[in-house]
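J.: Next comes the sequence, and after it the predicted model I'd like to discuss.
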Amino acid sequence: MSPPVAPPGWSRWLVPPAALSVHLSIGQAYAWSVFKPPLESALGLSGTQSALPFQLAIVMLGLSAAFGGTLVERNGPRWAMTVALVCFSSGFLISALGAATEQYWLIVLGYGFVGGIGLGIGYISPVSTLIKWFPDRPGMATGIAIMGFGGGALIASPWSAQMLESFGADHSGIALAFLVHGLSYAVFMLLGVLLVRVPRTERPVDSGPGVLTGPQVSARSAVRTPQFWCLWVVLCMNVTAGIGILEKAAPMITDFFADTSTPVSATAAAGFVALLSAANMAGRIGWSSTSDLIGRKNIYRVYLGVGAVLYALIALFGDSSKPLFILCALVILSFYGGGFATVPAYLKDLFGTYQVGAIHGRLLTAWSTAGVLGPLIVNWIADRQEEAGKHGASLYGLSFGIMIGLLVVGFVANELVRPVDARHHVPAPREAADVARQQPESA
């Protein structure tokens, strides 16, 4: 499936909606918590077991993005969006079968493994194309698309809850909800498949970087540079800090104010989760656009440095002021979303546009690591503290301290980022020919 080239007069502003149709769909992953209580009740699962499909999906997101990034660059955005559509929708259909037959392993296989592959390929599918359409504002362009992934839960959460209320929260109702999700998202993602185009100046598939301007680095060379691994650490630390709050948001705010005169109800906790999703979405477009003005390194200084301060404020004073707790959590989640949306432009600044999609895919293994690390830190420590007889905000003091330390590590890694050495650049065709002429002939 060759990349569709835009006809003369094609507006580049039609490409972000194509990307959004995919990202808003796969952003459903952030609404998985809606299915956790019904699954636990219907299938007799523990909280750890019900989280497994989400955790596996995030792991597969990073792995499929890493291993599929080069294929996405080679085959183009339409191919990638089609693969994402098939895998993501099939994941829901397999999960529907698993819920209907009460075979939880099928839900893990469908939503976690198959659907997770769709997440990874779908997530990176429009990135390099958007950067090439918007070379003047790469942060804004990728922010628009990746904003959809953060905001997908705003649509999916109430929609899923309404379906479970209508169909029932037993295994058959869950199966029907999964079935509707799979079919509906297939139709919505198809809009992106049909609409996406590459610019007419796009280099031919499998061609070299000679037609591109500025330093260009291949994906293979990029992973051998210290800049790549510094950014890997930066992304991993930022995501770990954000997802630690996001995954346990509702019980966390309930615990923090359980012993106060103004406890948080289940309805209010759900509203808090929706606010976090909105902050996650807003940060993706707001902070990434800001990075076009102040630079990528500076914006990550904000994400990591200010994020550490906000975590400290929650740990020290969060249980004494509900507005302070909510405000700090919202800003942290905006940094979490902003970090995702800014990193493709950061990669473009360092490595060029030649194989930026493939490089981005490899970098997303940091997300796979953080998707396990963040929830594990917060949940495991909270469980141990509860076993020790602690309750309320004291359940999270140690884990928040660890998050502050991780953000400091990320801050240092960001400071170590420097321009990529010229030896890693891919030579233009003329330069390559000159080099070849200077080499002695082999015997």
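T.: Everything's here; your move. Since we're looking at a predicted model, the values are computed, not measured.

J.: Mind telling me what element the residue positioned nearest the centre of the chain is part of?
T.: Centroid-nearest residue in the chain, with Cα atoms, centre = their mean: residue 340, separated by 6.0 Å. Element membership for residue 340, per DSSP states H and E: helix 322-351.

J.: got the buried residues for that helix?
T.: Going by neighbour count (16 or more other Cβ atoms under 10 Å), the buried part of helix 322-351 is 322, 324-326, 328-351. The way it works is simple: take the backbone N, C-alpha and C, and place the C-beta from them, glycine included.

J.: hmm, back to that, thinking the residue nearest to the centre of the chain is in contact with residue 146, fair?
T.: Yes. Counting by Cβ atoms under 8 Å, residue 146 is a contact partner of residue 340 at 5.5 Å.

J.: Would you map the helices across the stretch 101-250 of the chain?
T.: 104-107, 115-124, 127-133, 138-167, 171-195, 219-222, 226-246, 249-256 (DSSP state H, counting those that start in this stretch).

J.: So for residue 357, which of the ones you listed sits nearest?
T.: helix 127-133 (3.5 Å; Cβ to Cβ).

J.: Which residues does the closest one contact?
T.: 12, 15-16, 19, 72-73, 76-77, 138, 141-142, 144-145, 196, 198-199, 201-202, 344-345, 348, 353, 355-357, 360 (Cβ atoms under 8 Å, 6 or more residues apart in numbering).

J.: Let me see the contact set for the residue nearest to the centre of the chain.
T.: Contacts of residue 340 (Cβ under 8 Å, 6+ apart): 146, 149-150, 235, 239, 284, 367.

J.: coming back round to it: and the helix holding residue 340 with helix 226-246, angle?
T.: If you take axes from the mean of the first three to the mean of the last three Cα atoms, to 10 degrees, helix 322-351 sits at 160 degrees to helix 226-246.

J.: Setting aside sequence neighbours, what's the nearest residue to residue 241?
T.: Distance criterion Cβ to Cβ, 6 or more residues apart in numbering; nearest residue to residue 241, sequence neighbours excluded, is residue 403 at 4.7 Å.

J.: doesn't residue 217 make contact with residue 354?
T.: Yes. With contact defined as Cβ under 8 Å, residue 354 counts as touching residue 217 (6.8 Å).

J.: Need the overlap of contacts for these two.
T.: residue 426.

J.: and the angle for the helix holding residue 340 with helix 249-256?
T.: 140 degrees.

J.: which residues sit in contact with the nearest residue to residue 176 once chain neighbours are set aside?
T.: Nearest non-adjacent residue to residue 176, counting by Cβ to Cβ, 6+ apart: residue 167, 4.6 Å away. By Cβ under 8 Å, 6+ apart, the residues touching residue 167 are 173-174, 176-177.

J.: ok, the residues you listed vs residue 425, which is closest?
T.: residue 177 (50.5 Å).

J.: if I pick that closest one, what's in contact with it?
T.: By Cβ under 8 Å, 6+ apart, the contact list for residue 177 reads 35, 160, 163-164, 167.

J.: so how far is residue 285 from it?
T.: 30 Å (Cβ to Cβ, to the nearest Å).

J.: between residue 340 and residue 146, what contacts are shared?
T.: By Cβ under 8 Å, 6+ apart, the residues touching both residue 340 and residue 146 are residue 284.

J.: before we move on, the earlier item: now the contacts of residue 177 as CSV including pLDDT and distance to residue 28?
T.: Shown next, in CSV, are the contacts of residue 177 (pLDDT from 0 to 100; distance: Cβ to Cβ, whole Å):
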residue, pLDDT, distance to residue 28
35, 87, 10
160, 89, 8
163, 92, 12
164, 90, 14
167, 94, 17
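
J.: now these in TSV, with distance to residue 8?
T.: Putting these into TSV (distance: Cβ to Cβ, whole Å) gives the following:
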residue	distance to residue 8
35	47
160	43
163	44
164	49
167	49
